[in-house]
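J.: Show me how the following folds:
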Amino acid sequence: MTGPTGMTTGESSSRGGRRKLKAILAGGLALGLGGTITLAAWNDSEYASGTFTAGSFSMEGSTDGTTYAEHPTAGTAAALAFSTGFDNMSPDDVVAAPFAVRLTAATTYDATVTVASATPAPPAFAGLTYGIATVPTFGDCAPTPTTPTWIVAEGTALDSVAGAVSFNLTQGTPPTTPGAPVFLCFVVTADAGLVQGTSVTETWQLLAESV
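T.: Next comes the predicted model:
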């Protein structure tokens with residue numbers, strides 16, 4: 001049978017069925033898209049944090065080998081106790097003074113120490129030279145030290161630290177205690193250039209750097 005469009009009834013039914021099928025598929029695609037945008041979102045998080053604390057570092061000195069204190073500036077320099085004759089020197093006289101240094105309790109680093117500066121007042125003073133040695137004990141410091149290791153050579157000018165050699169300090173064990181001391185011996189020698197009635201104040205700086 002031929003229908004109004006010139007197609008047989010069977011062809012018309014067949015094409016109509018395909019149109020319905022396409023419509024159903026299109027509807028199914030629409031439903032699929034709708035299902036995608038309604039999916040639930042899942043989230044999870046991890047957090048991490050850290051707390052950082054600086055260590056402690058400080059050096060102290062002693063002029064008697066027993067009582068230690070900090071002398072952090074030239075204005076608070078420790079007054080060294082030189083041997084007899086330091087206040088009445090003449091050419092060829094030699095005097096010495098001991099000084100002990102250590103790291104303070106609660107210091108959490110070891111240190112390297114260097115004689116960083118030597119400053120005479122008045123600056124142009126002549127007639128004296130010096131040297132600095134490490135010695136085994138506080139009592140080993142004398143005008144002729146016992147078993148010295150020279151960290152500044154004898155005969156060095158008062159305004160010089162040329163050739164200075166560093167030494168080490170260790171933190172206490174446990175760190176809540178002071179470190180082991182190192183004993184220094186400052187040796188000052190008068191030469192022929194010393195002028196009668198003159199005097200000089202010498203200030204040395206020991207610079208400790210944490211390692």
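
J.: quick one, strands of the chain?
T.: Assigned strands in the chain, in chain order: 59-62, 94-103, 111-121, 128-135, 149-157, 167-169, 182-190, 201-210 (criterion: DSSP state E).

J.: partners of the longest one, with directions?
T.: Just to be clear, that refers to strand 111-121. Here strand 111-121 is paired, per DSSP bridges, with strand 167-169 (antiparallel), strand 201-210 (antiparallel).

J.: Any regions of the chain where pLDDT drops low?
T.: 1-40 (pLDDT under 70).

J.: Excluding residues flanking it in the chain, which one is nearest the spatially most central residue of it?
T.: Centroid-nearest residue in the chain: Ser210, 4.7 Å away (criterion: Cα atoms, centre = their mean). Leaving out its chain neighbours, the residue that sits closest to Ser210 by Cβ to Cβ, 6 or more residues apart in numbering is Tyr109, at 3.9 Å. Placement of C-beta: from N, CA and C, glycine included.

J.: So the one you found sits against Gly172, correct?
T.: No: applying Cβ atoms under 8 Å, one finds Tyr109 not in contact with Gly172, separated by 11.2 Å.

J.: any chance of the strands paired with strand 111-121 in CSV, with distance to Leu80 too?
T.: Listed next are the strands paired with strand 111-121 as CSV, based on distance: least, Cβ to Cβ, whole Å:
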stretch, distance to Leu80
strand 167-169, 18
strand 201-210, 9
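
J.: Of all those strands, which one is nearest Ala74?
T.: strand 201-210 (5.3 Å; Cβ to Cβ).

J.: what's the angle between the closest one and strand 128-135?
T.: Per axes from the mean of the first three to the mean of the last three Cα atoms, to 10 degrees, the angle that strand 201-210 makes with strand 128-135 is 40 degrees.

J.: residues making contact with strand 201-210?
T.: 55, 57, 59, 61, 74, 77, 101, 103, 109-121, 128, 130, 132, 158, 169, 186, 188 (Cβ atoms under 8 Å, 6 or more residues apart in numbering).

J.: Go through stretch 47-56 and flag the buried ones.
T.: Of all the residues in stretch 47-56, not one is buried under the rule 16 or more other Cβ atoms under 10 Å.

J.: Stretch 62-82 too?
T.: Ser62, Thr63, Tyr68, His71, Ala77, Ala78, Leu80, Phe82.

J.: Could I get the contacting residues of Phe186?
T.: Going by Cβ under 8 Å, 6+ apart, Phe186 touches Leu80, Phe82, Ala96, Ala97, Pro98, Phe99, Tyr130, Gly131, Ile132, Cys141, Trp204.

J.: In a markdown table, list these along with distance to Asn88.
T.: Formatted as a markdown table, the contacts of Phe186 follow (distance: Cβ to Cβ, whole Å):
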| residue | distance to Asn88 |
| --- | --- |
| Leu80 | 17 |
| Phe82 | 11 |
| Ala96 | 15 |
| Ala97 | 16 |
| Pro98 | 20 |
| Phe99 | 22 |
| Tyr130 | 18 |
| Gly131 | 21 |
| Ile132 | 23 |
| Cys141 | 20 |
| Trp204 | 22 |
